[in-house]
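have a look at this fold, sequence not included:
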């Protein structure tokens, strides 16, 4: 087969035209041995006119790289030497420091290794690099400014939150001072009048003053309860219960509270799951919701209390800002005036109320919200102006059976064996006196201690102790829970009754107490104390 020889002269002219017309810089370098070793230098054997424009160096043909840029020669020799030895093309960006030009380079070997030649195609990208650098600097500057602005905004928001907090504290202290002064006036006034009537021998009037003082004391306790409920620091004693079982008594209580012009309806779901909840506090929360519903229906209407099982999947839970899972819901709905949508996001805020001044503390819904969250649940509100409002409490399902409750008639006496002894630990002498006198009347022998250390010394002795009644918040380094734990180690089956002023609930692990323990919240009625003692002793 005969090969046709190409037109070398025509190709050479075409190559030369292209070579000189190219916008990119182009050169052919040839490696040679030098003082730094074999193939340690290269010489430019060809270069087009664009070389000078892009690299900033003129008349390069015949020049060695170590003469042109001696400080940078090692780097360029290493790059192009790699192409010569491997035969693999490379692309890279590099600054020619001697001229300040940033180059984008494509390099490949020409022919076999023995030819020692490498082609270099490049262009000046200095303008682009400068623009990119300016953009980075601008971005860094903007990020710094944004970070500074966010920090300033956070400081402003912190100051605003602090101002709002102080405003809330002012509202709280002002409102509480007003309410408590009224209640204290009723309590102290009742005591003074009892003293006067006893001195006069007019004992017939004592009963009404006792009733007035006791009523004011109960309202003071309820006010404290609301305050601590919205802050989620109330003492809870959760137990597994099917909420339907409390609807009958609750509906009667609601009917007596809201009056005859309000119809009260209950709808109990079939096969309702048990929920882990403090029944008394749930009742208080629902009663609060029903009172709100009554106030929203000044001309009468209907309140519906309804239970249901709810299973919230991830998507539904996210949409309603809830946690996915199984819930028991208790909803209170009314046919009242409704709430404007613009106000719905604020109804659970403490001290927020739409009622006239003097007719609402703004703590009712906050208390419900705090109770639900402390019970690991949620609260949702739905309302339409002119149509009514529904508030739903979501309580997590309890995966187990309902707890059988010991039912004690109100007039059932505690059974006391001869010599049964109660140790009472409280730093308030009046409380120790009250508990001791009440239990002594039942036939108990009572011992008293003013702090945890003194109580622990009694527990460590050989003295017979059948029941420990202890405050939770005690001075002297040992709180009531620590004393109780020590008592259980010393006397494994000892019955324990905690009496607490709400705020120490964290010490009790938020109601997570052991069998044979009960919690009684201050202030308490003597009869409640008697019933709790009877419950503990009956369960032995």
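Perfect, I can see it now. Since this is a predicted model, take the numbers as computed values, not measurements.

give me the element the residue lying closest to residue 126 once chain neighbours are set aside is part of.
The spatial neighbour of residue 126 that comes closest, neighbours along the chain excluded (CB to CB, 6 or more residues apart in numbering), is residue 102 at 4.6 Å. For the C-beta atoms, the positions are set from N, CA and C on the backbone; glycine is no exception. Here residue 102, judged by DSSP states H and E, is contained in strand 101-110.

any weak-confidence spans in the protein?
1-12, 160-183, 221-237, 320-321, 342, 344-364, 401-418, 501-513, 539-540 (pLDDT under 70).

how about the strands in the stretch 1-150 of the chain?
For the stretch 1-150 of the chain, the strands defined by DSSP state E, counting those that start in this stretch occupy 25-34, 37-47, 90-96, 101-110, 117-124.

distance check, the spatially most central residue of the chain against residue 491.
With distances taken as CA atoms, centre = their mean, residue 373 lies nearest the centre of the chain, 10.3 Å away. Separation of residue 373 from residue 491 (CB to CB, to the nearest Å): 37 Å.

go on, residue 96?
89 Å.

these two: which is more packed in?
residue 96 (21 against 16; other CB atoms under 10 Å).

so the more buried one makes contact with residue 60?
No - applying CB atoms under 8 Å as the test, residue 96 and residue 60 come out as separate, 11.7 Å apart.

excluding its backbone neighbours, what's nearest residue 426?
residue 471 (4.3 Å).

how many neighbours does that neighbour have?
27.

repeat for residue 532
Residue 532, neighbours per other CB under 10 Å, totals 20.

which element is it on?
Residue 532 belongs to helix 526-538, assigned by DSSP H and E.

quick one on the thing from earlier: could you give the bridge partners of the residue nearest to residue 126?
Assessed by DSSP bridges, residue 102 has beta-bridge partners residue 95.

now for it: which residues touch it?
93-96, 124-126, 128-129 (CB atoms under 8 Å, 6 or more residues apart in numbering).

cutoff 6 Å now
95, 125-126, 129 (CB atoms under 6 Å, 6 or more residues apart in numbering).

of the residues you listed, which is the most crowded?
residue 125 (18 neighbours).

so what's the backbone phi/psi at that residue?
Phi and psi for residue 125, reported as degrees, to the nearest 10, are phi -120, psi 30.

can you check residue 273 too?
phi -70, psi 150.

go on, residue 278?
Here residue 278 shows phi and psi, under degrees, to the nearest 10, equal to phi -80, psi 110.

that one contacts residue 239, correct?
No - with contacts counted by CB atoms under 6 Å, residue 278 stays clear of residue 239, the gap being 7.5 Å.

how many neighbours does residue 367 have?
By other CB under 10 Å, neighbour count at residue 367 equals 25.

meant to ask about residue 343
Residues near residue 343, counting by other CB under 10 Å: 11.

what sits up against stretch 34-43?
With CB under 6 Å, 6+ apart as the criterion, stretch 34-43 contacts 29-32, 64-66.

same list (those residues) but as CSV, adding neighbour count.
As requested, those are arranged in CSV below (neighbours: other CB atoms under 10 Å):
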residue, neighbour count
29, 27
30, 16
31, 22
32, 13
64, 16
65, 23
66, 20
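
quick check: the two most widely separated of those?
30 and 66 (13.8 Å; CB to CB).

tell me the domain boundaries of this protein?
8-124, 130-230, 239-396, 421-538 (automatic domain parsing).

isn't residue 273 right up against residue 398?
No - counting by CB under 6 Å, residue 273 sits too far from residue 398 to count as a contact (7.1 Å).

more crowded one of residue 278 and residue 239?
Each of residue 278 and residue 239 has its neighbours counted (other CB under 10 Å); residue 278 has more, 21 against 17.

can you tell me how far that one is from residue 120?
Distance from residue 278 to residue 120, by CB to CB: 83 Å.

just residue 397 next, same as before
75 Å.

returning to that earlier point: buried sites along the helix holding residue 532?
529-537 (16 or more other CB atoms under 10 Å).

from those residues, which single one is nearest residue 137?
Using CB to CB, the buried residues of helix 526-538 come closest to residue 137 at residue 532, 72.7 Å.

list the contacts for the closest one?
497, 518, 520.

what's across from the first one in the sheet?
According to DSSP bridges, residue 469, residue 518 are recorded as the beta-bridge partners of residue 497.

now do it against residue 278, distance only.
With CB to CB as the criterion, residue 497 and residue 278 are 17 Å apart.

now residue 436. Nearest residue, chain neighbours left out?
Residue 436 sits nearest to residue 446 (CB to CB, 6+ apart), 4.2 Å away.

before we move on, back to that, looking at residue 397 and residue 120, which one has more neighbours?
residue 120 (24 against 17).

please name the residues that touch the more buried one.
By CB under 6 Å, 6+ apart, the contact set of residue 120 is 27, 107.

ok, now the one 5 residues further on?
Residue 125 sits next to 102, 104 when contact means CB under 6 Å, 6+ apart.

please repeat the previous calculation with a cut-off of 7 Å.
93, 102-104 (CB atoms under 7 Å, 6 or more residues apart in numbering).

run the angle between the strand holding residue 102 and strand 117-124 for me.
Compare the direction of strand 101-110 with that of strand 117-124 by axes from the mean of the first three to the mean of the last three CA atoms, to 10 degrees and you get 150 degrees.

now strand 101-110, how far from the centre of its chain.
58 Å (CA atoms, centre = their mean, to the nearest Å).

and for stretch 310-319?
18 Å.

same check on stretch 420-431?
38 Å.

endpoints of it, how far apart?
Start-to-end span of stretch 420-431 (CA to CA, to the nearest Å) is 20 Å.

for that stretch, which positions count as buried?
Buried, per 16+ other CB under 10 Å, within stretch 420-431: 420, 422-426, 431.

could I get those residues as a markdown table with secondary structure and distance to residue 216?
Formatted as a markdown table, these follow (DSSP: H, G, I helix; E, B strand; the rest coil; distance: CB to CB, whole Å):
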| residue | secondary structure | distance to residue 216 |
| --- | --- | --- |
| 420 | coil | 35 |
| 422 | strand | 30 |
| 423 | strand | 32 |
| 424 | strand | 26 |
| 425 | strand | 29 |
| 426 | coil | 23 |
| 431 | helix | 19 |
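
now these in JSON lines, with distance to residue 330?
Rendered in JSON lines, the data for these read as follows (distance: CB to CB, whole Å):
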{"residue": "420", "distance to residue 330": "41"}
{"residue": "422", "distance to residue 330": "38"}
{"residue": "423", "distance to residue 330": "40"}
{"residue": "424", "distance to residue 330": "38"}
{"residue": "425", "distance to residue 330": "37"}
{"residue": "426", "distance to residue 330": "36"}
{"residue": "431", "distance to residue 330": "35"}
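
tell me how far stretch 273-284 is from the chain's mean position?
Per CA atoms, centre = their mean, the centroid offset for stretch 273-284 relative to its chain is 23 Å.

what's the answer for stretch 524-537, then?
The answer for stretch 524-537 is 37 Å, by CA atoms, centre = their mean.

I'd say residue 495 and residue 469 touch.
No - applying CB atoms under 7 Å, one finds residue 495 not in contact with residue 469, separated by 9.5 Å.

neighbour count winner among these two?
Legend: neighbour count by other CB under 10 Å for residue 495 and residue 469, higher for residue 469 (29 against 22).

biggest separation within the buried residues of stretch 420-431, which pair?
420 and 431, at 20.8 Å, using CB to CB across these.

show me where the stretch 151-300 of the chain has its helices.
Applying DSSP state H, counting those that start in this stretch to the stretch 151-300 of the chain gives helices spanning 206-230, 247-258, 279-295.

would you turn these into JSON lines with mean neighbour count?
Formatted as JSON lines, the helices of the stretch 151-300 of the chain follow (neighbours: other CB under 10 Å):
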{"stretch": "helix 206-230", "mean neighbour count": "17"}
{"stretch": "helix 247-258", "mean neighbour count": "16"}
{"stretch": "helix 279-295", "mean neighbour count": "21"}
